[in-house]
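A.B. asks: I'll drop the sequence and a predicted model, then ask my questions.
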Amino acid sequence: MPNLLAMSFEGEIAPSFDLCCLRGGAALPDGWGVGYYPAGEPSASVLKEPAPGPGSIRRELVRAWDHLESSLFVLHVRAAIWGANTDANTQPFVKSWGARDWMIAHAGSLTRALDVTHGAPFEPIGATDTERVFCVLLERLASQGWRSLADSNLRDMSEWFGELNALGTLDLVLCDGRDLLIYADRHTEPTLHLGELVPPFDRLVIGDRDVQIDFTSRQGTCERKGVIASSSPLQSSGTASGMNWRLLERGEIVIIRQGAVVRNWVPRAESANAESTDGRTSRAGRREAAGGPVTRLRITHRTTYSYANPVERSTHLLRLVPFHDRLQRLERSEIALSVDGRGRDFDDVFGNRVRRVTLDTAYTELTITAQSEATLLDTDPLAFGNRRLRTTIPLVWMPWQRIMLDPFLLPPELPETQLGELVDYAMRFVTRNDGDLLDTLLDLNDSIFREYIYKQGATTLSTTPFDVYVTRRGVCQDFAHLFICLARLMGVPARYVCGYLYTGRKEELRIQAEASHAWVQVYLPEIGWRGLDPTNGVVTSTSHVRVAVGRNYVDATPTSGTIYVGGGNERLSVEVTVDPAD
């Protein structure tokens, strides 16, 4: 049975808490409480019951009340050691500091009471050791001028918890209405577990025989990612069964915001401890991963069309010539067709080099072979990240800039309800990253890579960004379209990029079909277009060869055509190889 459970989700959910331990027939707990932050406000609400009896009315309330809605929840089931079974001694506890309500819950017990000075800014109301720990922590936060967990230094927090932990056991959660801090006891065997929920799930219940939490019964499909901390791993049932849990290390501190780990600290034996971060969400880690050496690549792109009946006349548009600019130098390019025809080259409205070919010779098979070499020079794509100016969302554009960027700011035509859901999803990334433009885009890029499954055949050319969001499946084209849609809904110009990806040796192979690759470029103020690859979760540098850009796949597709006479039963095969030119 978990006597301590805390949850953080990206967006508000309305779970149903069923405290099965209150049904009777077993020893009843000394009390229980559920704390949450309604409507995302910094004001906390707590439903609690000391010394509950069988058939508790309050238990029915938290199970059936649909107003129990928040992105943050703290559940505590009490086994009394300090103080009588009263409301004042039933967790979680709430106190105010920094224009927000703070909440604490503690599993464990200190061996002696902490001294709290009479007349101090924070004084306990009840008799528990937990509330005295709460007062000490808030007093230290106030003395540092830290008005939220985002302001805190985890090195100092670890030292404070270490001092308190020396007095007894201390598995603890602390919440400020936006961030959720989890601390695992430093001296005992680890008991706190961390689990992650990732959509989609049409039906989802987690729990054990004493506590059941139903995430979907009140509002149907729940498309919210979440992180759960529990004093024991819980079983899951439904379409998301098999939830993975990990034990926190001794003394580990984890800070969660909007359903994602944003910071953590693990104390080490060496004296020079350094704050560590979860590599999946670390801002510094994402930025440091960008870049690479100057690279020269040789590309062969071979497309073959086969038809049951001869094609007598057709036209084709070929976008197969890599860009030549200050970040990518085109060394050579050749395009050959197996059927004779007339062709001419031009630059389209997006600046792509296009060849238009007309074929009047009958054929049943057409092979288009493009060979090129390009030198990639974008060795430090995030060098601008050290600028003193911090760019935040929402972005503001001059009227003439808005006119030029308008094609890359307009989201796809979707039903209003679907766009509304996608807006809400996009803004969760903005909220989680304090509105910082680059951090928000990197977080979005990383999240699509980690949470969406690359699966060929799961989508078609008619698949919409909302379809991809719901199913969490697709290929590089789908992930690029989803990223573009979300970025535009944030007010960030984004365009589709088609090209090639060098994946290195086979053991280093990431996600790459034997075909062209797709990613995204976003326009950053006073920086220009910068590439992000959500399929692989990286910033593009010297392994991505740009060939064509546009509003979407249609504007940048490598080969397209129209058959005027003949054809039928078309078969298409594409083969792409990318190797070092050296």
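C.D. replies: Yep, it's here.
A.B. asks: in what helix or strand does the closest residue to residue 376 other than its chain neighbours lie?
C.D. replies: Take residue 376 and drop its neighbours on the chain: the residue closest to it by CB to CB, 6 or more residues apart in numbering is residue 542, 3.8 Å away. (Each C-beta comes from the backbone N, C-alpha and C, glycine too.) Using DSSP states H and E, residue 542 sits in no helix or strand.
A.B. asks: can you pull the contacts of residue 542?
C.D. replies: 291-295, 376-379 (CB atoms under 8 Å, 6 or more residues apart in numbering).
A.B. asks: From those, list the buried ones, please.
C.D. replies: Neighbour counting with 16 or more other CB atoms under 10 Å marks 292, 295, 376, 378 as buried within those.
A.B. asks: returning to that earlier point: and the pLDDT for the residue nearest to residue 376?
C.D. replies: Looking at residue 542, its pLDDT reads 94.
A.B. asks: do residue 200 as well
C.D. replies: Reported pLDDT for residue 200: 84.
A.B. asks: Can you give me the neighbour number for it?
C.D. replies: Residue crowding around residue 200 was assessed by other CB atoms under 10 Å; the count is 15.
A.B. asks: and if you look at the one 4 residues further on?
C.D. replies: Residues near residue 204, counting by other CB under 10 Å, number 24.
A.B. asks: And residue 172, by the same measure?
C.D. replies: Residues near residue 172, counting by other CB under 10 Å, number 26.
A.B. asks: Which pLDDT does the model give the closest residue to residue 162 other than its chain neighbours?
C.D. replies: Leaving aside its chain neighbours, residue 162 sits nearest to residue 186 (6.2 Å; criterion: CB to CB, 6+ apart). Residue 186 carries a pLDDT value of 94.
A.B. asks: what separates residue 186 from residue 161, distance-wise?
C.D. replies: Distance from residue 186 to residue 161, counting by CB to CB, to the nearest Å: 7 Å.
A.B. asks: Residue 243 contacts residue 197, doesn't it?
C.D. replies: Yes - counting by CB atoms under 8 Å, residue 243 does reach residue 197; the two are 6.5 Å apart.
A.B. asks: These two: who's more crowded?
C.D. replies: Shown here are residue 243 and residue 197; by other CB under 10 Å, residue 197 has more neighbours (21 against 18).
A.B. asks: mind checking how far the more buried one is from residue 245?
C.D. replies: Residue 197 is 11 Å from residue 245, by CB to CB.
A.B. asks: now do residue 207
C.D. replies: 13 Å.
A.B. asks: Name the residues contacting each of these two.
C.D. replies: Common neighbours of residue 207 and residue 245 (CB under 8 Å, 6+ apart) are residue 234.
A.B. asks: More neighbours: which of these two?
C.D. replies: Ranked by neighbour count (other CB under 10 Å), residue 207 and residue 245 place residue 207 first, with 21 against 15.
A.B. asks: related to what we said a few turns ago, hey, what's in contact with both of residue 186 and residue 161?
C.D. replies: In contact with both residue 186 and residue 161: 170, 251, using CB under 8 Å, 6+ apart.
A.B. asks: neighbour-wise, which of the two wins?
C.D. replies: residue 161 (25 against 19).
A.B. asks: Make sure the more buried one is indeed in a strand.
C.D. replies: No - under DSSP: H, G, I helix; E, B strand; the rest coil, residue 161 falls outside any strand and is assigned helix.
A.B. asks: could you list every residue that touches the nearest residue to it once chain neighbours are set aside?
C.D. replies: Once flanking residues are discounted, residue 161 sits nearest to residue 183: 5.2 Å by CB to CB, 6+ apart. By CB under 8 Å, 6+ apart, the contact list for residue 183 reads 161, 170-174, 251-253.
A.B. asks: State the phi and psi torsions of residue 183.
C.D. replies: phi -120, psi 130 (degrees, to the nearest 10).
A.B. asks: Report the residue ranges of every domain in this structure.
C.D. replies: Domain assignment for the chain, taken from automatic domain parsing, gives 4-278, 295-377+559-580, 383-556.
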